[in-house]
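Engineer: coordinates only, sequence not included:
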């Protein structure tokens, strides 16, 4: 290799870090770091492809068409399952050489692409470009149904399933389907009981890392978001936003069957199952069915014996949060439920109902 060639390659590589893009498209002003990239881009502006939408290369197995022969050649490997490029370290195979090269960086630990905003490093230029959208706020992918925009193409694809109702990920054990692969993975923990995320302070385990993160706030006691109307504090802004609807009495989501209104869409969806009779969550211990996964989870504690809610004054444990709250009145002496007829007070709502029925309904 000549010195001139080496200098040229070095200069081209340095543009990754400097982000210099000296080659500009005369049609749309998009810029590129290499002449080859510009030439490839220019093809998108040819009359044949931009106006007629002609795609010359057709897959004879599934009928899918492509603009370039190279794209068709790459696609055909999907049908043949051909993966000629193998990693010498772990044996994993890939259909494309560039995918193998990207994979090998996992073993070498090389992360040559750095974000100049936060100095985070990445293995590929593609990963860096995706990350940079956090800083730029760029959201190039738009939903054609509701115009909501996304920074990642896969986020758009997942979102579009809300409109189409598509749920491609199905649980083989119970048949429940999900829009996202991650949702299926979380759901599977119901069947296998796997809880890989453990709190290092109390030993409680969780199926999801997000649940562990939420739980950790119990130990720190941190509540940053305060309601300016009643002073109640919350761990998350979303919880505060939800709480504020109790003051405004806002209930924008109405049931088309009975007219009952709800402040949250998910509550309306749960309510609608009362009309449809759908009880899709089943306990595999006793085959009892439930409308929501939350109800199933609470029920399963009968079989597992789990009592996650503990009284910090006497150590007594409970299966449900509301049971703990009722119990706490034993220590505080608080009687929060008042009879409107005689002003007698009770620690439990059930006791108030029983009193009203036996004394005032006669």
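Structural biologist: Happy to help now that I have it. Computed from a predicted model, the values in this text were never measured in an experiment.

Engineer: Could you chop this protein up by domain?
Structural biologist: 1-54, 225-360 (automatic domain parsing).

Engineer: average pLDDT for the first one?
Structural biologist: So the one you mean is domain 1-54. Average pLDDT, domain 1-54: 64.

Engineer: go on, stretch 131-147?
Structural biologist: 85.

Engineer: and the residue lying closest to residue 265 once chain neighbours are set aside, how many neighbours?
Structural biologist: Spatial nearest neighbour of residue 265, excluding adjacent residues (C-beta to C-beta, 6 or more residues apart in numbering): residue 253 at 5.1 Å. Where C-beta positions appear, they are placed from N, C-alpha and C, glycine not excepted. Counted with other C-beta atoms under 10 Å, the neighbours of residue 253 add up to 16.

Engineer: And residue 190, by the same measure?
Structural biologist: Neighbours around residue 190, by other C-beta under 10 Å: 20.

Engineer: any chance you could map the helices in the stretch 151-300 of the chain?
Structural biologist: For the stretch 151-300 of the chain, the helices defined by DSSP state H, counting those that start in this stretch occupy 153-164, 181-192, 209-220, 237-248, 265-276, 293-304.

Engineer: Adding distance to residue 59 and mean pLDDT as columns, could you present the ones you listed in JSON lines?
Structural biologist: Below are the helices of the stretch 151-300 of the chain laid out as JSON lines (distance: least, C-beta to C-beta, whole Å; pLDDT from 0 to 100):
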{"stretch": "helix 153-164", "distance to residue 59": "21", "mean pLDDT": "84"}
{"stretch": "helix 181-192", "distance to residue 59": "26", "mean pLDDT": "77"}
{"stretch": "helix 209-220", "distance to residue 59": "40", "mean pLDDT": "74"}
{"stretch": "helix 237-248", "distance to residue 59": "45", "mean pLDDT": "79"}
{"stretch": "helix 265-276", "distance to residue 59": "40", "mean pLDDT": "82"}
{"stretch": "helix 293-304", "distance to residue 59": "41", "mean pLDDT": "82"}
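
Engineer: Dump those to CSV, plus distance to residue 286.
Structural biologist: Below are the helices of the stretch 151-300 of the chain laid out as CSV (distance: least, C-beta to C-beta, whole Å):
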stretch, distance to residue 286
helix 153-164, 33
helix 181-192, 15
helix 209-220, 25
helix 237-248, 33
helix 265-276, 20
helix 293-304, 7
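
Engineer: between the ones you listed, which gets nearest to residue 83?
Structural biologist: helix 181-192 (21.3 Å; C-beta to C-beta).

Engineer: Can you check what angle separates the closest one from helix 153-164?
Structural biologist: 70 degrees (axes from the mean of the first three to the mean of the last three C-alpha atoms, to 10 degrees).

Engineer: and helix 181-192, which residues are buried?
Structural biologist: Neighbour counts using 16 or more other C-beta atoms under 10 Å place 184, 186-188, 190 of helix 181-192 among the buried residues.

Engineer: Repeat that for stretch 279-288.
Structural biologist: For stretch 279-288, by 16+ other C-beta under 10 Å, it's 281, 283.

Engineer: and it, how far apart are its ends?
Structural biologist: Stretch 279-288 stretches 9 Å from its first residue to its last (C-alpha to C-alpha, to the nearest Å).

Engineer: quick one: that stretch to chain centroid distance?
Structural biologist: The chain centre lies 26 Å from the centre of stretch 279-288; the measure is C-alpha atoms, centre = their mean, to the nearest Å.

Engineer: repeat for stretch 156-167
Structural biologist: Using C-alpha atoms, centre = their mean, the offset of stretch 156-167 from its chain centre is 13 Å.

Engineer: Now that stretch: buried residues?
Structural biologist: Per 16+ other C-beta under 10 Å, stretch 156-167 contains these buried residues: 156, 158-160.

Engineer: likewise stretch 30-40?
Structural biologist: Those would be 32-33, 38, for stretch 30-40 by 16+ other C-beta under 10 Å.

Engineer: With stretch 354-362 instead?
Structural biologist: Quick answer for stretch 354-362 (16+ other C-beta under 10 Å): 355-356.

Engineer: What average pLDDT does it get?
Structural biologist: 82.

Engineer: hang on, the earlier thing: so which of the buried residues of helix 181-192 is the closest to residue 118?
Structural biologist: Nearest member of these to residue 118, counting by C-beta to C-beta, is residue 186, at 28.9 Å.

Engineer: Is the closest one in contact with residue 210, as I believe?
Structural biologist: No. Residue 186 is beyond contact range of residue 210, at 9.2 Å (criterion: C-beta atoms under 8 Å).

Engineer: My guess is the residue nearest to residue 265 contacts residue 271. True?
Structural biologist: No. Using C-beta under 8 Å, residue 253 is not in contact with residue 271, being 9.2 Å away.

Engineer: who touches both of the two?
Structural biologist: Listed as contacting both residue 253 and residue 271 by C-beta atoms under 8 Å, 6 or more residues apart in numbering are residue 262.
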